[in-house]
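[1] Got a predicted model here, sequence first, then my questions.
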Amino acid sequence: MSGRRLFPLLLIPFAAFSQPAGKGLTLETVPVHGNVYLIATTLGNIAVQTGKDPGHDGILLVDTGPPGMTPAIVTEIRKLSDAPVRFIVNTSADRDHTGGNDSLVKPGAKLFYQQPEVGIFAQDNVLTRMSGPQSNVPSAAWPTLTFDRGKRFEFNGETVELLAEKNAHTDGDGIVFFRGSNVIATGDIFRTTGYPVIDVPRGGTIQGEIKALNHLLELTVPHAMQEGGTMVIPGHGRLCDQADVTDYRDMLTIIRDRVADLIRKGKTLEEVKAARPTRDYDRRFSTSEWTGEMLVEAVYKTLKAGNL
């Protein structure tokens with residue numbers, strides 16, 4: 001990583017609204033750029049796009065949080081707009097990103113923000129996983145509008161671009177680019193609270209993860225001195241810009257290359273773990289839920305599977 005600060009100040013006025021939402025959970029609503037706001041929570045981030053014409057526009061949400069959090073999320077949305085929720089985009093099949101889907105679209109629910117039909121966008125594999133026999137996800141939460149490589153449409157006066165990032169965190173990742181507002185919501189391919197979770201059983205790979213981060217860098221444009229410009233909303237953590245994504249990509253590339261070098265030298269998984277290729281980043285990124293050692297194992301397995 002470069003020598004730039006690890007915790008850059010936000011380059012926008014920080015939040016207008018904040019409220020507690022149950023034990024251990026807080027929410028804060030942050031204006032980002034243009035039509036886009038961030039509802040930052042201790043359980044993950046939700047992006048909100050609003051329109052200026054309540055008669056024709058509506059609300060687009062990127063992810064809906066874990067189950068049970070919808071009332072608190074709706075309270076925050078209502079501080080921004082009285083328009084109905086018309087679209088949801090899920091960045092993966094993870095329940096901390098899709099858990100509020102069914103609450104927002106449930107037929108007959110007495111929720112004044114509800115539309116008769118709310119379209120749920122997601123990459124094809126999200127629907128496959130959420131509708132699978134072992135998922136136990138209610139059908140009301142399943143995506144209704146899926147895409148393979150990507151999709152573009154206009155909503156709330158700007159172009160919204162949905163882009164698939166395959167085999168990164170999982171095999172069903174997607175990002176959302178609000179082109180007029182110059183904001184990208186990344187889901188869990190990028191997070192500031194820890195290492196990226198390379199979910200190998202669900203198709204995640206280190207090469208796909210780095211490819212996705214490089215794609216993010218291609219889409220972002222800094223304002224000046226590598227700061228500002230395109231704002232990046234991570235799946236978890238603080239609001240970022242291109243330089244933050246660059247640091248994260250560089251960190252992960254260095255770890256990947258260290259593991260690859262040890263593999264070429266014939267080291268076993270246990271020997272690679274013992275070498276601690278994440279040691280200089282663990283203090284910043286290793287967490288109890290996803291440790292540096294877990295990341296090393298995921299990197300090792302996907303490289304050994306033919307992704308060197």
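    Happy to help now that I have it. Keep in mind that this is a model prediction, so the values were computed, not measured.

[2] With residue 243 as the reference, measure out to the most centrally placed residue in the chain.
    Within the chain, the residue whose C-alpha comes closest to the C-alpha centroid is residue 187; the distance, by CA atoms, centre = their mean, is 0.9 Å. Applying CB to CB, to the nearest Å, the value for residue 187 to residue 243 is 20 Å. Using the backbone N, CA and C atoms, a C-beta is placed for each residue, glycine as well.

[3] ok, and what's touching stretch 132-151?
    Applying CB atoms under 8 Å, 6 or more residues apart in numbering, the contact partners of stretch 132-151 are 90, 93, 95, 98-99, 101-102, 105-107, 119-124, 126-127, 129-131, 161-164, 174.

[4] May I see the buried residues of it?
    Residues of stretch 132-151 classed as buried under the neighbour-count rule (16 or more other CB atoms under 10 Å) are 137, 140, 141, 142, 143, 146, 147, 151.

[5] still on that earlier bit, so the residue nearest to the centre of the chain makes contact with residue 45?
    No. With contacts defined as CB atoms under 8 Å, residue 187 does not count as touching residue 45, sitting 9.1 Å away.

[6] I'd like to know which helix or strand in this structure has the lowest mean pLDDT.
    The element with the least model confidence among the helices and strands of the chain, by mean pLDDT, DSSP states H and E, is strand 17-20, at a mean of 38.

[7] got the residue ranges for the strands in this protein?
    Remark: strands of the chain, listed N- to C-terminal, are 17-20, 26-33, 36-41, 44-49, 59-62, 85-89, 119-123, 145-147, 150-155, 158-165, 173-178, 183-185, 231-233; assignment by DSSP state E.

[8] if we compare the ones you listed, which one ends up closest to residue 198?
    Minimum separation from residue 198 across the strands of the chain (CB to CB) falls at strand 173-178, 11.2 Å.

[9] Output that closest one in CSV with nothing but the alpha carbons.
    What follows is the C-alpha trace of strand 173-178 in CSV, where atoms were taken according to Å, rounded to 0.1, in the frame of the first residue of the first chain:
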residue,chain,number,x,y,z
ASP,A,173,-21.4,-10.1,-7.6
GLY,A,174,-22.6,-6.9,-9.2
ILE,A,175,-21.8,-3.2,-8.9
VAL,A,176,-24.1,-0.2,-9.6
PHE,A,177,-22.8,3.0,-11.4
PHE,A,178,-24.9,6.1,-11.1
